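Asker: Pasted the sequence and its predicted model underneath.
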Amino acid sequence: MALYNTHTGKPRTRLARNTVIVFVLLLFALATLFPIYFMIISSFGEPVEAGSMDYRLFPGSFSLKSYKFFFDFNQYSYRWLLNSLIVATTVMATNVLFASMAGYAFSKIKFKGRTLLFSILLVALMIPYQVTQVPLYILVVNIFHIQNTYTALILPGIVTVYNIFLAKQFMSSIPNEILECAKIEGCNQFQIYFRIIIPLSKTVLAVMAILTFMDNWNTFFWPFLVTNSMDMQTIQVGLKSFRFANTTYFAPMLAGATISALPMFILFFSLQKYFLEGVTVGAVKG
């Protein structure tokens with residue numbers, strides 16, 4: 001082994017390379033986690049204006065006054081959290097149901113125009129999210145007149161092309177022989193979907209539910225566009241109420257941001273394995 005180390009130097013080279021990789025990954029991790037750390041630490045500061053804030057990496061004292069200020073600032077703080085929960089949960093449920101149905105149809109049911117229709121959906125997937133906001137806003141506000149309602153917050157995201165694609169790719173890997181046996185036993189399409197497809201697709205459905213909930217809980221732009229009263233705002237939009245023309249209540253705003261981030265922390269640490277599976281679930285050959 002001594003001769004191997006002396007003449008080739010491969011173990012030393014490998015050790016040096018791994019050390020550099022670990023160091024770079026630690027830098028990336030610190031850069032990613034530092035804003036979260038700063039948000040949480042600053043939320044325990046005194047509820048004073050931004051110009052009076054004492055910005056520190058290591059606070060001298062901890063106080064829950066900013067959290068109390070966040071809930072006492074107006075009567076809508078609890079309503080903002082409730083609105084976000086209603087919207088995110090409803091959109092998550094509709095996406096799991098409708099996207100899985102569409103994925104089953106595209107992957108296992110042969111019908112005329114199936115390939116063309118799925119190709120059109122894939123083209124729609126390439127359109128940037130911001131491009132669709134103007135026509136959606138015109139439909140919601142000027143044509144249907146449903147602005148400032150739960151319908152306006154939920155309807156545009158009731159099912160997404162990405163979730164349909166995710167479900168279709170996963171369900172394509174389910175053996176057709178299982179479905180043929182079910183048809184021989186007399187099962188119709190809905191029975192096959194509920195009794196066979198759904199139980200076999202729990203992994204992809206869990207991934208869809210998690211990602212959809214996170215996306216709709218954290219969204220800001222669309223709720224900001226279609227709500228014009230504080231009682232219909234979501235938590236992400238409501239946080240802007242702590243910013244005024246001449247000042248910002250920095251610590252209470254970060255206290256609200258910390259509270260709004262709690263569901264994401266809980267989801268990630270309790271369902272971490274589904275996040276990891278979600279990285280490759282769409283890569284199944286379809």
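Answerer: All right, it came through fine.
Asker: Flag the shaky bits of the stretch 101-250 of the chain, pLDDT-wise.
Answerer: Across the stretch 101-250 of the chain, the ranges flagged by pLDDT under 70 are 244-246.
Asker: can you map out the helices along it?
Answerer: Assigned by DSSP state H, counting those that start in this stretch, the helices in the stretch 101-250 of the chain fall at 114-125, 133-138, 150-154, 161-171, 176-184, 189-192, 198-200, 202-218, 221-226, 235-238, 250-270.
Asker: Tabulate those in CSV, adding columns for distance to Tyr37 and mean neighbour count.
Answerer: Bear in mind the C-beta positions are built from the backbone N, C-alpha and C, glycine included. Listed next are the helices of the stretch 101-250 of the chain as CSV, based on distance: least, Cβ to Cβ, whole Å; neighbours: other Cβ atoms under 10 Å:
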stretch, distance to Tyr37, mean neighbour count
helix 114-125, 35, 12
helix 133-138, 33, 13
helix 150-154, 31, 19
helix 161-171, 31, 22
helix 176-184, 49, 12
helix 189-192, 49, 14
helix 198-200, 40, 14
helix 202-218, 19, 20
helix 221-226, 26, 18
helix 235-238, 20, 23
helix 250-270, 11, 18
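Asker: Of all those, which one is nearest Phe73?
Answerer: Closest to Phe73 of the helices of the stretch 101-250 of the chain is helix 250-270 (Cβ to Cβ; 6.5 Å).
Asker: and that closest one, what does it pack onto?
Answerer: Other elements packing on helix 250-270 under the criterion 3 or more Cβ pairs under 8 Å, 6 or more residues apart in numbering; DSSP states H and E are helix 10-43, helix 65-72, helix 77-108, helix 202-218, helix 235-238.
Asker: nearest spatial neighbour of Phe224, skipping sequence neighbours?
Answerer: Closest residue to Phe224 apart from its sequence neighbours, by Cβ to Cβ, 6 or more residues apart in numbering: Val237 at 5.0 Å.
Asker: quick one: contacts for the one you found?
Answerer: Val237 makes contact with 80, 220, 223-224, 227, according to Cβ atoms under 8 Å, 6 or more residues apart in numbering.
Asker: and which of the residues you listed is nearest to Ile21?
Answerer: Checking these against Ile21 with Cβ to Cβ, the nearest one is Phe220 at 35.5 Å.
Asker: got the contact list for that closest one?
Answerer: 236-237.
Asker: That one and Thr234, how far apart?
Answerer: According to Cβ to Cβ, to the nearest Å, Phe220 and Thr234 sit 8 Å apart.
Asker: Check Phe268 too.
Answerer: 20 Å.
Asker: Quick check, Val96 in contact with Ala209.
Answerer: Yes: with contact taken as Cβ atoms under 8 Å, Val96 and Ala209 are classed as touching, separated by 5.3 Å.
Asker: coming back round to it: most tightly surrounded among the helices and strands packed on helix 250-270?
Answerer: Stretch with highest mean neighbour count among the helices and strands packed on helix 250-270: helix 235-238 (a mean of 23; mean count of other Cβ atoms under 10 Å).
Asker: chain center to it, what's the gap?
Answerer: Distance of helix 235-238 from its chain centroid, counting by Cα atoms, centre = their mean, to the nearest Å, is 16 Å.
Asker: hmm, back to that, need the helices of the stretch 101-250 of the chain in TSV (columns: distance to Val20).
Answerer: Converted to TSV, these look like this (distance: least, Cβ to Cβ, whole Å):
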stretch	distance to Val20
helix 114-125	38
helix 133-138	43
helix 150-154	47
helix 161-171	36
helix 176-184	49
helix 189-192	53
helix 198-200	43
helix 202-218	33
helix 221-226	40
helix 235-238	39
helix 250-270	28
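Asker: which one of those helices lies closest to Leu33?
Answerer: Per Cβ to Cβ, nearest to Leu33 of these: helix 250-270, 12.1 Å.
Asker: Now do the closest one against helix 65-72, angle only.
Answerer: 90 degrees (axes from the mean of the first three to the mean of the last three Cα atoms, to 10 degrees).
Asker: Alpha carbons only: can I get helix 250-270 in PDB?
Answerer: What follows is helix 250-270, C-alpha atoms only, in PDB (Å, rounded to 0.1, in the frame of the first residue of the first chain):
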ATOM      1  CA  PHE A 250     -39.400  44.600   9.200                       C
ATOM      2  CA  ALA A 251     -39.500  42.100  12.200                       C
ATOM      3  CA  PRO A 252     -43.300  41.500  12.100                       C
ATOM      4  CA  MET A 253     -43.100  41.000   8.400                       C
ATOM      5  CA  LEU A 254     -40.400  38.400   8.900                       C
ATOM      6  CA  ALA A 255     -42.400  36.800  11.700                       C
ATOM      7  CA  GLY A 256     -45.300  36.400   9.300                       C
ATOM      8  CA  ALA A 257     -42.900  35.000   6.700                       C
ATOM      9  CA  THR A 258     -41.600  32.500   9.200                       C
ATOM     10  CA  ILE A 259     -45.200  31.400  10.100                       C
ATOM     11  CA  SER A 260     -46.000  31.000   6.400                       C
ATOM     12  CA  ALA A 261     -42.900  28.900   5.900                       C
ATOM     13  CA  LEU A 262     -43.800  26.500   8.600                       C
ATOM     14  CA  PRO A 263     -46.000  24.200   6.500                       C
ATOM     15  CA  MET A 264     -43.200  23.900   3.900                       C
ATOM     16  CA  PHE A 265     -40.700  22.900   6.700                       C
ATOM     17  CA  ILE A 266     -43.200  20.300   8.000                       C
ATOM     18  CA  LEU A 267     -43.900  18.900   4.500                       C
ATOM     19  CA  PHE A 268     -40.200  18.700   3.600                       C
ATOM     20  CA  PHE A 269     -39.000  16.900   6.800                       C
ATOM     21  CA  SER A 270     -42.000  14.600   7.100                       C
END
